[in-house]
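Undergrad: here are the coordinates; sequence isn't available:
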């Protein structure tokens, strides 16, 4: 793994561009609507539950770096809205496993389809090689962030 010390202005510019891109993508996904941070957290939670196959409330808290009561509140709202289902773990009845309901799957699919179209439009600016390099760079940064 490479390790470099960069000029602070270059780091600040890269961070600024990262957050500007994140904001632009969120604006496009929201289709002009004003969505609060909790709406994005709910969407990210649906994606997490799908990706991590029947996670527990503790898994949600750990993944999002939030307290257990905050995770419970977040998931309870998704359950109340019919997007998530809690199921008791057959090996340990004290543990609730999470999965998406039909409505939750449909909502996430709609969002992911829209997101894919937006990224397809944005990535059309890049050559195949540039997209591959961009992806590799993001993966390296993500790995470093998780260490």
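TA: Structure's in. What do you need? As the structure is a prediction and not an experimental result, all values here were calculated from the model. Residues are numbered from 1 along each chain as shown.
Undergrad: Following the chain past the longest strand that the chain contains, name the next helix or strand.
TA: For the chain, the strand with the greatest residue count under DSSP state E is strand 92-100. Next along the chain after strand 92-100, taking DSSP states H and E as the criterion, comes helix 102-123.
Undergrad: so what secondary structure elements neighbour that following helix?
TA: helix 8-29, helix 37-51 (3 or more CB pairs under 8 Å, 6 or more residues apart in numbering; DSSP states H and E). Where you see a C-beta, it was placed from the backbone N, CA and C, and this is true even at glycine.
Undergrad: relative orientation of it and helix 8-29 in degrees?
TA: 130 degrees (axes from the mean of the first three to the mean of the last three CA atoms, to 10 degrees).
Undergrad: Now helix 102-123: buried residues?
TA: If you call a residue buried by 16 or more other CB atoms under 10 Å, then helix 102-123 has these buried ones: 104, 107, 108, 118.
Undergrad: and the helices and strands packed on helix 102-123, which is most packed in?
TA: helix 37-51 (a mean of 16; mean count of other CB atoms under 10 Å).
Undergrad: helices or strands up against that helix?
TA: helix 57-64, helix 68-80, strand 84-89, strand 92-100, helix 102-123.
Undergrad: List just the nearest of the buried residues of helix 102-123 to residue 146.
TA: Residue 146 has its nearest neighbour among the buried residues of helix 102-123 in residue 108, at 23.5 Å by CB to CB.
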